[in-house]
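S.K.: Next comes the sequence, and after it the predicted model I'd like to discuss.
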Amino acid sequence: MRRLVKKSHAIVLLVGVICFSIAAAQAPDASQGVVKYRQSVMKSHAAHMSAMGRIVQGQVPFAEHVADHAAAIRSTSKMIPQIFPEGSGTGETRAKPDIWQKRSQFEQAALTLQQESAKLVEVAQGGDMKEITVQYLAVAKACKGCHKPFRKRK
């Protein structure tokens, strides 16, 4: 009887280990949740930049939306350092390892974007489309200041 109980415990333990192993193998990598979130934030940022670009280029007549786009760009720019935590550079991401290897440079580039975005909010509230265009281009330059060194090409 004891032998049967020991064997049944061993079988239960073995089944448990197998189930845990299968579940662990099928569970998504925790960093992929961060990557997907980051991609959503960055797509939102890019969408507001694109929409505002159409306004400043005179392609659409929605100048009254400029302040809202500027505020959204500023909001997403403030998130950037946090959405690139250590260990989130694997999987389907275009983030270069330099983000974590040259963290201070990455954070400085993100800070530049935050500062230029804050200026864009101020200028947008003034309503002068020439000033808005100049500052929009400064923000676009700050975006490139991060993309070139820290983002893989497609």
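M.R.: That came through, no problem.
S.K.: Endpoints of stretch 51-69, how far apart?
M.R.: End-to-end distance for stretch 51-69, by CA to CA, to the nearest Å: 8 Å.
S.K.: what is the rounded mean pLDDT of it?
M.R.: If you average the pLDDT over stretch 51-69, you get 98.
S.K.: which residues sit against that stretch?
M.R.: 48-49, 70, 73, 121, 124-125, 127, 129, 132-133, 136, 140 (CB atoms under 8 Å, 6 or more residues apart in numbering). Bear in mind the C-beta positions are built from the backbone N, C-alpha and C, glycine included.
S.K.: how about a cut-off of 7 Å?
M.R.: With contact meaning CB atoms under 7 Å, 6 or more residues apart in numbering, stretch 51-69 is reached by His48, Ala124, Gln125, Met129, Ile132, Thr133, Tyr136.
S.K.: likewise stretch 101-116?
M.R.: Ser77, Lys78, Ile80, Pro81, Ile99, Ala138, Val139, Ala142, Cys143, Gly145, Cys146, Phe150.
S.K.: now with 8 Å?
M.R.: With CB under 8 Å, 6+ apart, stretch 101-116 has contacts from 74, 77-78, 80-81, 84, 98-100, 135, 138-139, 141-143, 145-146, 149-150.
S.K.: what does stretch 81-93 give?
M.R.: Under the contact criterion CB under 8 Å, 6+ apart, stretch 81-93 has outside partners 29, 31-32, 34-35, 37-39, 41-42, 95-97, 99-100, 106-107, 110.
S.K.: hang on, the earlier thing: which members of the contacts of stretch 51-69 are the farthest-apart pair?
M.R.: His48 and Met129 (17.1 Å; CB to CB).
S.K.: Kind regards, and thank you for your time.
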